[in-house]
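*Asks:* predicted model follows, preceded by the sequence.
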Amino acid sequence: MGIDFKNLLNSKQYDAVRNYEGPVLILAGAGSGKTRVIIYRIAFILEKGIPQKAIMAVTFTNKAAREMSIRIRELAGRHLRNLTISTFHALGSKILRKSIHILGYRPNFSIYDQQDKLALLKDLAHEAGHKHDSIDLYAVSQIFSGIKTGHSTWTAFTEQYEDLYKAYNSHLKLYNAVDFDDLIVLPLRLFQEHKDVLAEYQKQFKYFLVDEFQDTSLLQYQFIKLLAGHTKNLCVVGDDDQSIYSWRGANYENILQFEKDFPHFQEIKLEQNYRSTGKILLAANQLISNNKNRKGKKLWTGTEDGELIQFCIVENEKEEGSYIAEQVKAIKLKHKVPLSQFGVLVRTNSLTRSIEEAFITYHIPYKVSGGMSFFQRKEVKDIIAYLRIIANPDDDVNFLRIVNVPKRGIGRKSIEYITHIATEKSCSLFSAMSAIRHAADSEINKKIKTEIIEFINTIEYYKQKFFSRKKLAETLRGLIDHIDYWGYLVQEYKKGNTAKWKYMNVEGLVNSLADYEDDPDNLDPNLYAYLNRITLLTQDDNQDEENEEKVNLMTIHSAKGLEFTAVFLAGVEESIIPHVRSMSEDESNREEERRLFYVAITRAKKHLYITACRQRRKKGKVEEVQISPFMEEIPKDLINVCEHEDEVTQEDAEDYFKKMRLGKGL
DNA sequence: CGTCTCCAGGTTTTT
DNA sequence: CCTGGAGACG
């Protein structure tokens, strides 16, 4: 490739790149060129003649993995197909696809997301005789997650759910399904209990990179440690100030553990920030210095001071939306910032709506990532459920989802009967149903029996079709027509053009499958691989949209690792950030919320706009809200306070907190 | 027995 | 505003 590494990197970055052997810990502050270092490091390793397939780079989100592939492709000038750049979960799913039979599952396993998991728990809780609202299944599912990942143990309180937990896991196994936690837990178990499997992977992979190391969980760390224990060529990159996933078991103390496990590691600190202007960086530094529990580092920048941070207090979320839309237009015009360089960040997914509406009104193209992602929409999930049943008929959760969608007369009583048979034979619902087909006499009436046979035939017909011929998307289109899903939508959603909209989403799914099978990078496109893939894809839908001229709207969590010339931070209000639900417990939660705010601020290169409302609509009710206390932690001389439309002078702005509380008497 | 209609509730962040 | 549940019809 002939890259002049030395001149393209500063001396610290260069160190981080060229020390490619042995354990390396890179502590990289926000905007210090972390991703750049990883990209160049991979390029450097490749230049040393190491084959692509010996390199494994693990990131945290699909977005980050995609970003990384694109950038390495740009740098290398070619597509590196055998390079492994993946999330932990996607990696786990690949390993399981290959070796899950060792653990007694079949290779066509289903992956259950949160919704599937809850559906299963709901059934089991019902069966166990728990009254419908006597049990908070959402909380229970989180407890189970903690137990499974070893993040927590049974307590006097949680013990009551132990039976449910056992039932949950045995049913997963019966359905030949795994949940998200299993994607880490099971590969780890494979490695620990089947040394030959581990050896196989160790033989292939020699160089390891882990991005966002502060966000890895204990199990994920153990997983990578096993793989890399062999060569010790493990490079981890992290920043304790950007640890925002502790609720999911992330543990930045993995950094300490790393130091223990790999005693002769090299430590490299990247503290020069190339991203943000002086004022933005100063604000971020001041804010984060309020956290007690941190390693402490000084980020500095050589770039200009830049403009003040704009803080705008508006009446309600509607005004907030139009303020942001107007400012986007103004900045785009004045500073010639392309739309793709705008990031609008919010704490929760539900906050995107009002901003989206404003963008639509102002004709500003935008895209939202995360949230109710495409693949979780009801209509899309229905069709996916068909595919899942075709791939794995034992998947009861997805079976129940579609056995009577569209309506085919197989209602509650019939299902109860099938369930009864399934329990008796301890087999899946689909098997039980197939048994009914052949049984001479059964308690099921003729008409329903005909429907059952028709359903089974449909599934089997398409199963054979999906696996015998290559045209996946075309086959899916045939299936959708066959079950007359369109007719179902029309009947179900009579008002407005909801049905049409939903059908467009269904078509979107077909297109996604078409894109998948037409992608030349997919050497072996097949239904199993496609299903596994989309289950892990919560974020943005498809391919290379990165060139599109659109404003980016997303949560702070999904903005991690990204940067934008102009950042808008909306809904900076008490109870949103820090979020009410995080405040309940101890101070460490507050610190995490502060880190979240820190991550948000440090996404901005040049322009940072913060907005807060006086009142906000929550669940239909309008509520008075206060400014986030974190705003007080940013030095006032870095901020220009304004009202929507009326610019406010600096003296007026002196005490914006007081003014807020007095209401709108500005 | 299955379906339709009306009513309540809403889960922080992601894989 | 949208999804799921409960109870009324057909």
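*Replies:* Done, it's in.
*Asks:* so residue A:316 sits against residue A:618, correct?
*Replies:* No: applying C-beta atoms under 8 Å, one finds residue A:316 not in contact with residue A:618, separated by 11.3 Å. Quick note: C-beta positions are derived from backbone N, CA and C, even for glycine.
*Asks:* which helix or strand contains residue A:327?
*Replies:* In the assignment (DSSP states H and E), residue A:327 maps to helix A:317-335.
*Asks:* what residues of that helix count as buried?
*Replies:* Buried residues in helix A:317-335, defined by neighbour count with 16 or more other C-beta atoms under 10 Å: A:317-325, A:327-328, A:331-332.
*Asks:* from those residues, which is closest to residue A:607?
*Replies:* Of all those, residue A:607 sits closest to residue A:331, with 6.0 Å by C-beta to C-beta.
*Asks:* let me know the pLDDT of residue A:540.
*Replies:* Model confidence at residue A:540, expressed as pLDDT, equals 54.
*Asks:* in the stretch 401-550 of chain A, which residue sits nearest DNA strand C?
*Replies:* residue A:498 (7.2 Å; C-beta to the nearest atom of the strand).
*Asks:* that residue: how many residues sit nearby?
*Replies:* Residues within reach of residue A:498, counting by other C-beta atoms under 10 Å, total 14.
*Asks:* equivalent analysis for residue A:193, please.
*Replies:* For residue A:193, the neighbour count with other C-beta under 10 Å is 11.
*Asks:* separation between it and DNA strand B?
*Replies:* The spacing between residue A:193 and DNA strand B, counted by C-beta to the nearest atom of the strand, to the nearest Å, is 23 Å.
*Asks:* residue A:93 too?
*Replies:* Separation of residue A:93 from DNA strand B (C-beta to the nearest atom of the strand): 8 Å.
*Asks:* residue A:159 in helix, strand or coil?
*Replies:* Following DSSP: H, G, I helix; E, B strand; the rest coil, residue A:159 is assigned to helix.
*Asks:* next one: it relative to residue A:141, how far apart?
*Replies:* 17 Å (C-beta to C-beta, to the nearest Å).
*Asks:* same thing with residue A:642?
*Replies:* Distance from residue A:642 to residue A:141, by C-beta to C-beta: 44 Å.
*Asks:* now do stretch A:55-73, average pLDDT.
*Replies:* Rounded mean pLDDT across stretch A:55-73 is 87.
*Asks:* for it, buried residues please.
*Replies:* A:55-69, A:71-72.
*Asks:* sorry, back to before: so after the helix holding residue A:327, what's the next helix or strand?
*Replies:* Using DSSP H and E, the helix or strand that follows helix A:317-335 in sequence is strand A:342-346.
*Asks:* now the helix or strand following that next one and strand A:342-346, what's the angle there?
*Replies:* Downstream of strand A:342-346, the next assigned helix or strand under DSSP H and E is helix A:352-361. Interaxial angle of helix A:352-361 relative to strand A:342-346 (axes from the mean of the first three to the mean of the last three C-alpha atoms, to 10 degrees): 150 degrees.
*Asks:* neighbouring contacts of the next helix-or-strand element following helix A:352-361?
*Replies:* Downstream of helix A:352-361, the next assigned helix or strand under DSSP H and E is strand A:366-368. Residues from elsewhere that reach strand A:366-368 (C-beta atoms under 8 Å, 6 or more residues apart in numbering): A:339, A:344, A:352, A:356, A:359, A:540, A:545, A:548, A:550-554.
*Asks:* ok, of those residues, which come out buried?
*Replies:* Using 16+ other C-beta under 10 Å, the buried members of these are A:339, A:344, A:352, A:356, A:359, A:540, A:550-554.
*Asks:* let me know the closest of these to DNA strand B.
*Replies:* So of the buried ones among the contacts of strand A:366-368, ranked by how close each gets to DNA strand B (C-beta to the nearest atom of the strand), first place is residue A:554, at 7.0 Å.
*Asks:* so what's that closest one up against?
*Replies:* Counted by C-beta under 8 Å, 6+ apart, residue A:554 has contacts A:343-346, A:352, A:368-370.
*Asks:* and the angle for the helix or strand containing it with helix A:317-335?
*Replies:* Using DSSP H and E, residue A:554 sits within strand A:551-555. Orientation note: strand A:551-555 sits at an angle of 140 degrees relative to helix A:317-335 (the same axes, to 10 degrees).
*Asks:* strand partners (parallel or antiparallel) of strand A:551-555?
*Replies:* The strands beside strand A:551-555 in its sheet (DSSP bridges) come out as strand A:342-346 (parallel), strand A:366-368 (parallel).
*Asks:* buried sites along the shortest one?
*Replies:* Judged by neighbour count (16+ other C-beta under 10 Å), strand A:366-368 contains these buried residues: A:366-368.
*Asks:* tell me which residue of the stretch 201-350 of chain A lies closest to DNA strand C.
*Replies:* For the stretch 201-350 of chain A, C-beta to the nearest atom of the strand, closest residue to DNA strand C: residue A:350, 9.7 Å.
*Asks:* please report how far that residue lies from residue A:61.
*Replies:* Applying C-beta to C-beta to residue A:350 and residue A:61 gives a distance of 20 Å.
*Asks:* same check, this time on residue A:170
*Replies:* Distance from residue A:170 to residue A:61, by C-beta to C-beta: 32 Å.
*Asks:* how many neighbours does the residue of the stretch 251-400 of chain A found nearest DNA strand C have?
*Replies:* Checking the stretch 251-400 of chain A residue by residue against DNA strand C with C-beta to the nearest atom of the strand singles out residue A:378 as nearest, at 4.5 Å. Residue A:378 is flanked by 13 other residues according to other C-beta under 10 Å.
*Asks:* neighbours of the closest residue to residue A:340 other than its chain neighbours, just the number please.
*Replies:* Nearest non-adjacent residue to residue A:340, counting by C-beta to C-beta, 6 or more residues apart in numbering: residue A:549, 5.7 Å away. Residue A:549 is flanked by 10 other residues according to other C-beta under 10 Å.
*Asks:* re earlier: export the contacts of residue A:554 to JSON lines and append columns for pLDDT.
*Replies:* JSON lines is the format used below for the contacts of residue A:554 (pLDDT from 0 to 100):
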{"residue": "A:343", "pLDDT": "94"}
{"residue": "A:344", "pLDDT": "95"}
{"residue": "A:345", "pLDDT": "95"}
{"residue": "A:346", "pLDDT": "93"}
{"residue": "A:352", "pLDDT": "86"}
{"residue": "A:368", "pLDDT": "82"}
{"residue": "A:369", "pLDDT": "77"}
{"residue": "A:370", "pLDDT": "68"}
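*Asks:* which one of the residues you listed is nearest to residue A:488?
*Replies:* residue A:368 (27.1 Å).
*Asks:* grab the nearest non-local neighbour of residue A:14.
*Replies:* The shortest distance from residue A:14 to any non-neighbouring residue, by C-beta to C-beta, 6+ apart, is to residue A:6 (5.8 Å).
*Asks:* which strand or helix spans the one you found?
*Replies:* Using DSSP H and E, residue A:6 falls in helix A:5-8.
*Asks:* and that helix, what does it pack against?
*Replies:* Applying 3 or more C-beta pairs under 8 Å, 6 or more residues apart in numbering; DSSP states H and E, one finds that helix A:5-8 makes contact with helix A:11-18, helix A:34-47.
*Asks:* tell me which of those helices is the most buried.
*Replies:* Comparing the helices and strands packed on helix A:5-8 by mean neighbour count (mean count of other C-beta atoms under 10 Å), helix A:34-47 ranks first with a mean of 22.
*Asks:* what angle separates the following helix or strand past that helix from helix A:34-47?
*Replies:* Proceeding N to C from helix A:34-47, the next assigned helix or strand is strand A:55-59, under DSSP H and E. Angle between the axes of strand A:55-59 and helix A:34-47 is 170 degrees (criterion: the same axes, to 10 degrees).
*Asks:* cool, thanks, talk later.
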